[in-house]
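A.B. asks: Need a 3D model of the following:
(one chain, ligands or ions: 1)
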Amino acid sequence: MYMVFDSMEAASRDELREVQDERLREMVETAYENVDYYREMFDEAGLSPDDIQSVGDLSKLPFTTKEDFRDNYPTGMFAVEMEDVIRIHASSGTTGKPKIVGYTRDDLDVWSKAVARCLVAAGVGPDDIVQNAYGYGLFTGGLGLHQGVEELGATVIPIGGGNTQRQVEMLADLGSDVISCTPSYALYLAEVAEDMGYDIRDLPLRVVIFGAEPCTEPMRKEIEERLGVTGIDIYGLSEIVGPGVSIECEQQDGLHIWEDYFYPEIVDPTTGEPVEEGQEGELVLTTLSKQALPVLRYRTGDLTTLNYDTCECGRTAVRMDNITGRSDDLIIVRGVNFYPSEVESVVLEFEEVAPHYRIDISRENNLDTLKVTVEVVDDFDGSITNLKNRITERLSNVLSFTPDELNLVEYGNIARTEVGKVQRVYDHRGQ
Ligand SMILES: [Zn+2]
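C.D. replies: I've put the predicted structure just below:
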């Protein structure tokens with residue numbers, strides 16, 4: 001057995017179920033008694049808290065959505081008084097008010113432990129130096145990762161997002177062996193290091209924990225090769241806790257969900273009905289240990305599948321697939337549906353092209369048009385026309401749709417994102 005932070009990670013499924021059911025009953029009681037939103041939900045469904053005795057009963061309940069958070073802005077979903085809340089975070093929405101989330105002291109403790117489990121699963125130990133390049137502040141990424149590193153007893157460098165030259169200097173001078181950042185930032189870091197005259201592969205850095213943006217398998221490979229590291233995908237969302245809901249172990253074969261804290265279901269995104277085990281659907285999460293903000297059946301908008309087989313690492317905790325598609329990110333152009341990740345996979349297939357791209361959708365004369373822009377590599381000396389034709393053909397095959405325009409630009413022409421999430425899709429329709 002490999003090392004785990006907490007024996008629950010490898011508990012038998014029966015033992016786990018007992019813990020889940022017990023925690024759920026308590027959570028439902030708390031939510032019903034202290035949150036008007038949940039009391040009304042139960043009353044309208046003709047249910048009482050006693051009807052939810054086990055996680056198997058959850059499907060009796062309606063879903064909670066991001067709209068419910070908005071309707072109860074700012075703190076209507078809280079189950080405790082503000083005097084018991086010791087931290088507030090918020091998740092930025094692209095439209096409207098942010099979702100406000102709060103934590104009691106016990107909540108922060110659970111969150112720290114969840115992140116510490118993640119770090120151990122990623123192969124990080126108390127002797128490691130973790131450079132945390134997630135943004136600090138209202139965003140849960142920075143402080144969430146930070147407290148997990150402290151919980152584990154490793155060394156945290158709270159450098160935050162941006163300041164890329166300093167990031168590189170810290171990697172070199174302090175010998176950070178782990179960095180947490182977005183996948184696109186990891187690549188940018190490699191570029192800046194090169195410009196500064198470092199070979200980033202020669203530095204002690206060996207693990208990149210990336211999150212906050214979807215990352216396809218070819219993109220992971222690119223990061224691993226460019227930086228000479230193991231790339232580990234972490235997952236989380238503020239409404240549930242922040243980063244640390246799940247993470248890949250060193251097997252890189254799905255993300256272990258800490259099921260004694262966060263109970264996962266997969267439903268059909270259209271009907272809301274549970275799908276058969278192993279089928280893809282939308283991830284729905286229920287918190288099992290939150291005091292300030294208990295959340296029942298939250299629709300994450302993330303599409304994935306669950307795998308209940310015991311992992312090679314010895315953990316029994318269920319694994320979810322990497323999220324490469326959010327139901328919110330689905331692009332519909334002239335009636336054809338695709339995810340940005342499908343474009344990404346194609347772009348990464350071509351050695352002549354750098355791993356940076358943007359997708360522009362506009363509407364001209366009532367017709368949707370799709371433009372894809374990619375960069376050629378720095379030392380490209382082949383035929384642009386030939387490359388263009390080959391990429392266009394691959395995109396047509398994968399998307400079942402030919403982009404109206406494929407733009408090849410010189411290396412470095414697509415904007416890099418130093419802070420926050422990278423934007424790759426620009427939808428100009430209706431503007
Ligand atoms: Zn594993």
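A.B. asks: switch to C-alpha atoms for all contacts and neighbour counts from now on
C.D. replies: OK.
A.B. asks: ranges for the helices of the stretch 51-200 of the chain?
C.D. replies: Using DSSP state H, counting those that start in this stretch, the helices found in the stretch 51-200 of the chain span residues 66-71, 105-121, 140-152, 164-173, 183-195.
A.B. asks: Enumerate the positions of stretch 259-270 that are buried.
C.D. replies: By neighbour count with 16 or more other C-alpha atoms under 10 Å, stretch 259-270 contains the buried residues 259, 260, 261, 262, 263, 264, 265, 266, 267, 268, 269.
A.B. asks: Could you dump the helices of the stretch 51-200 of the chain into TSV with mean pLDDT and mean neighbour count added?
C.D. replies: Compiled in TSV, those are given as follows (pLDDT from 0 to 100; neighbours: other C-alpha atoms under 10 Å):
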stretch	mean pLDDT	mean neighbour count
helix 66-71	92	16
helix 105-121	98	23
helix 140-152	97	24
helix 164-173	96	17
helix 183-195	94	20
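A.B. asks: and the stretch 201-350 of the chain, which of its residues are near the ion?
C.D. replies: Neighbours of the ion within the stretch 201-350 of the chain, by C-alpha under 5 Å from the ion: 249, 311, 313.
A.B. asks: Just the buried ones from the residues you listed?
C.D. replies: With burial judged by 16+ other C-alpha under 10 Å, the buried subset of these is 249, 311.
A.B. asks: In strands only, show me the residues of the stretch 201-350 of the chain next to the ion.
C.D. replies: With DSSP state E as the criterion, strands contain none of these.
A.B. asks: how about the helices of the stretch 51-200 of the chain, which one is nearest residue 334?
C.D. replies: Proximity to residue 334, assessed across the helices of the stretch 51-200 of the chain by C-alpha to C-alpha, is greatest for helix 66-71 (27.9 Å).
A.B. asks: lowest-confidence helix or strand of the chain?
C.D. replies: Lowest by mean pLDDT, DSSP states H and E among the helices and strands of the chain is strand 336-338, with a mean of 85.
A.B. asks: in it, what counts as buried?
C.D. replies: residue 338.
A.B. asks: In the stretch 151-300 of the chain, what residue comes closest to the ion?
C.D. replies: residue 249 (4.6 Å; C-alpha to the ion).
A.B. asks: what's the closest non-adjacent residue to the residue in the stretch 1-150 of the chain that the ion sits nearest to?
C.D. replies: Nearest to the ion, among the residues of the stretch 1-150 of the chain, is residue 121, at 7.3 Å (C-alpha to the ion). Spatial nearest neighbour of residue 121, chain neighbours left out: residue 249 (4.5 Å); criterion: C-alpha to C-alpha, 6 or more residues apart in numbering.
A.B. asks: surely the one you found meets residue 255?
C.D. replies: Yes. If you go by C-alpha atoms under 8 Å, residue 249 and residue 255 touch, sitting 7.0 Å apart.
A.B. asks: Hmm, the residue of the stretch 1-150 of the chain closest to the ion is touching residue 248, no?
C.D. replies: Yes. Applying C-alpha under 8 Å as the test, residue 121 and residue 248 come out as touching, 6.9 Å apart.
A.B. asks: separation between the most centrally placed residue in the chain and residue 41?
C.D. replies: Of all residues in the chain, the one closest to the mean position by C-alpha atoms, centre = their mean is residue 235, 3.7 Å from it. The gap separating residue 235 from residue 41 is 28 Å, by C-alpha to C-alpha, to the nearest Å.
A.B. asks: next one: residue 375
C.D. replies: 50 Å.
A.B. asks: Give me the more crowded residue out of the two.
C.D. replies: residue 375 (22 against 18; other C-alpha atoms under 10 Å).
A.B. asks: And for the residue nearest to residue 143 when sequence neighbours are not counted, the neighbour number?
C.D. replies: Nearest residue to residue 143, sequence neighbours excluded (C-alpha to C-alpha, 6+ apart): residue 136, at 5.9 Å. Neighbourhood size, residue 136 [other C-alpha under 10 Å]: 18.
A.B. asks: Give the burial count for residue 379, as a bare number.
C.D. replies: 9.
A.B. asks: Distance check, it against residue 34.
C.D. replies: Counting by C-alpha to C-alpha, the gap from residue 379 to residue 34 is 62 Å.
A.B. asks: swap in residue 307?
C.D. replies: Per C-alpha to C-alpha, residue 307 is found 35 Å from residue 34.
A.B. asks: What of residue 267?
C.D. replies: Residue 267 is 28 Å from residue 34, by C-alpha to C-alpha.
A.B. asks: Packing partners of the longest helix anywhere in the chain?
C.D. replies: Using DSSP state H to define each element, the chain has its longest helix at helix 13-34. Counting contacts by 3 or more C-alpha pairs under 8 Å, 6 or more residues apart in numbering; DSSP states H and E, helix 13-34 is packed against helix 36-44.
A.B. asks: mean confidence score for the helix it packs on?
C.D. replies: Averaging pLDDT along helix 36-44 gives 98.
A.B. asks: Please apply the same query to stretch 351-370.
C.D. replies: Here the average pLDDT along stretch 351-370 is 90.
A.B. asks: Now do it: distance to the chain's middle.
C.D. replies: With C-alpha atoms, centre = their mean, to the nearest Å as the basis, stretch 351-370 stands 24 Å off its chain's centre.
A.B. asks: Between the two ends of it, how far is it?
C.D. replies: Its first and final residues considered, stretch 351-370 spans 23 Å by C-alpha to C-alpha.
A.B. asks: returning to what we had before: in a markdown table, list the residues of the stretch 201-350 of the chain next to the ion along with distance to residue 142 and pLDDT.
C.D. replies: Converted to a markdown table, those look like this (distance: C-alpha to C-alpha, whole Å; pLDDT from 0 to 100):
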| residue | distance to residue 142 | pLDDT |
| --- | --- | --- |
| 249 | 21 | 97 |
| 311 | 29 | 96 |
| 313 | 27 | 95 |
